[in-house]
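Trainee: Turn this into a model:
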Amino acid sequence: MSVGVTAQNTQELDLSYGEEVELNEYTFRYDDQDGTRYFEVTVERDGSTFLVEQQTQDELYDLEKPHTFDISDELDIELKEMTSDKNGVGLNLSLKASENIFADADMSTSAPDRVFVGQSEEVDIPLTLENTGIVNQTFSLGAVHNTSAEVSYNFQDFNVTKLKVDNGKEESISAKIDVPETAKKGTYHFELYAEDKSRVSENITVEIRESSDASERRRISLDAEESFIGVKPGEEKQIPVRVRNRGTVTIDNIEVDVEAPEGWETELTQSSSPSLEQYDSFRTMVTVKAPVNAQPGDNFVEVSASSDETATEEPERVRVEVQQESNLRYIGLGIMGFSLVLLIVVYRRLGRR
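Mentor: Next up, the predicted model:
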């Protein structure tokens, strides 16, 4: 004995002769075959179609109304009455389901799976929203993503956050993705969705690139106060370097890096800054120490800087000359020593006279 469905969702359906209504995997049909009118319900499961209920029109007349057909664990159909319309006899049905199977929808787009947009630019994603259920729906429009971009929807030149779509109808809308100039470059996934009794979505991959003018708004520079220094083996020297935001927007998480020849030691008095406002700067001292066995000649120390938004195009290069120890000091000491010995000898000889 069937106890029927514990109805949580009920929907009225007037089915005219010659009409067919699809509802998720169920199809309701009131038609004619070999001169006999009939009502039937089929269900699509695992790629196959199964007949779950069939009654001729005469059999329907003989039923006591209302009459309930136990279609499945999730659906009951109540035949309330048989009506007359322009096509002849119609069926007044009440569908009772344990889940909301009356609302269905579909969303599609003509946009490619991957789109490109620059910082401080926007891109429109065309969308078609179709209500494939048998009830009217008013969809809330939204987006899921992990960027600083803003997503808004446009319908007939109006910005909208909700859109009503009658059953069996479709509407064309567009999602505008507005990327701020401070957005981080990279590849991100956007889920554009519409939700009411049913929820549908489209997934779009968006690659945010640096726009041509964005590079001018985000510029970081390095200025070494000395482009040449001389050191002796084992000696250390300091090079003052100023890090400056030459752009027109704030840059964040600035890092300074030093590259030196192998075996050289380097140190920074300040290697980072949380942010720099427009035209702000900070000064750091780069200490370089040549190894004790450094060979005479030119070497280069390179200083670079980067932030979340930009980086120096070229490192700041400082020429460091390792100077050879001079022999003049030893020659001078030798001459002084020889002169002292000579004076002592002359003094002794003169003293004997």
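Trainee: pretty sure Phe300 contacts Glu321?
Mentor: No - if you go by Cβ atoms under 8 Å, Phe300 and Glu321 don't touch, sitting 10.4 Å apart. No exception for glycine: its C-beta is placed from N, CA and C like everyone else's.
Trainee: more crowded one of these two?
Mentor: Glu321 (15 against 12; other Cβ atoms under 10 Å).
Trainee: in the sheet, who's paired with the more buried one?
Mentor: With DSSP bridges as the criterion, Glu321 is bridged to Gly230, Asp298.
Trainee: and it, what does it touch?
Mentor: 228-231, 297-299 (Cβ atoms under 8 Å, 6 or more residues apart in numbering).
Trainee: Report the separation between it and Pro296.
Mentor: 8 Å (Cβ to Cβ, to the nearest Å).
Trainee: ok, Ile177 - how many residues close by?
Mentor: Using other Cβ under 10 Å, Ile177 is surrounded by 24 other residues.
Trainee: tell me the contacts of it?
Mentor: Taking Cβ under 8 Å, 6+ apart, we find Ile177 in contact with 117, 122-125, 149-151, 190, 206.
Trainee: and if we set it to 7 Å?
Mentor: 117, 122-123, 125, 149, 151, 190, 206 (Cβ atoms under 7 Å, 6 or more residues apart in numbering).
Trainee: Give me the buried subset of those.
Mentor: Neighbour counting with 16 or more other Cβ atoms under 10 Å marks 117, 123, 125, 149, 151, 190, 206 as buried within the contacts of Ile177.
Trainee: on that earlier part again, I'd like to know which of the contacts of Ile177 is nearest to Thr27.
Mentor: Lowest distance from Thr27 to those (Cβ to Cβ) belongs to Ile125, with 33.1 Å.
Trainee: need the helices for the stretch 1-150 of the chain, in chain order.
Mentor: Secondary structure of the stretch 1-150 of the chain (DSSP state H, counting those that start in this stretch): helices at 57-62.
Trainee: Check the secondary structure at the residue nearest to the spatial centre of the chain for me.
Mentor: Geometric centre of the chain, nearest residue: Tyr188, 2.4 Å, by Cα atoms, centre = their mean. Put simply, Tyr188 is strand when judged by DSSP: H, G, I helix; E, B strand; the rest coil.
Trainee: Okay, buried residues for stretch 292-302 please.
Mentor: Neighbour-count burial for stretch 292-302 flags 294, 299, 301 (criterion: 16+ other Cβ under 10 Å).
Trainee: one step back: so which of the contacts of Ile177 belong to strands?
Mentor: Within the contacts of Ile177, residues falling in strands by DSSP state E are 117, 122-123, 125, 151, 190, 206.
Trainee: number of nearby residues for Gln323?
Mentor: By the measure other Cβ under 10 Å, the count of residues near Gln323 is 14.
Trainee: Give the phi and psi angles for it, as a check.
Mentor: For Gln323, the backbone dihedrals are phi -90, psi 140 (criterion: degrees, to the nearest 10).
Trainee: ok so, going back, turn the contacts of Ile177 into TSV, including pLDDT.
Mentor: Shown next, in TSV, are the contacts of Ile177 (pLDDT from 0 to 100):
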residue	pLDDT
Val117	89
Glu122	89
Val123	92
Ile125	94
Ala149	94
Val151	97
Phe190	97
Val206	95
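Trainee: low-confidence ranges in the stretch 1-150 of the chain?
Mentor: 1-8, 87, 99-100 (pLDDT under 70).
Trainee: Let's see that with 80 instead.
Mentor: For the stretch 1-150 of the chain, applying pLDDT under 80 flags the ranges 1-9, 23-24, 85-88, 98-103, 133-135.
Trainee: again, but for the stretch 201-350 of the chain
Mentor: Using pLDDT under 80, the stretch 201-350 of the chain drops low at 210-218, 248-249, 278-279, 324-350.
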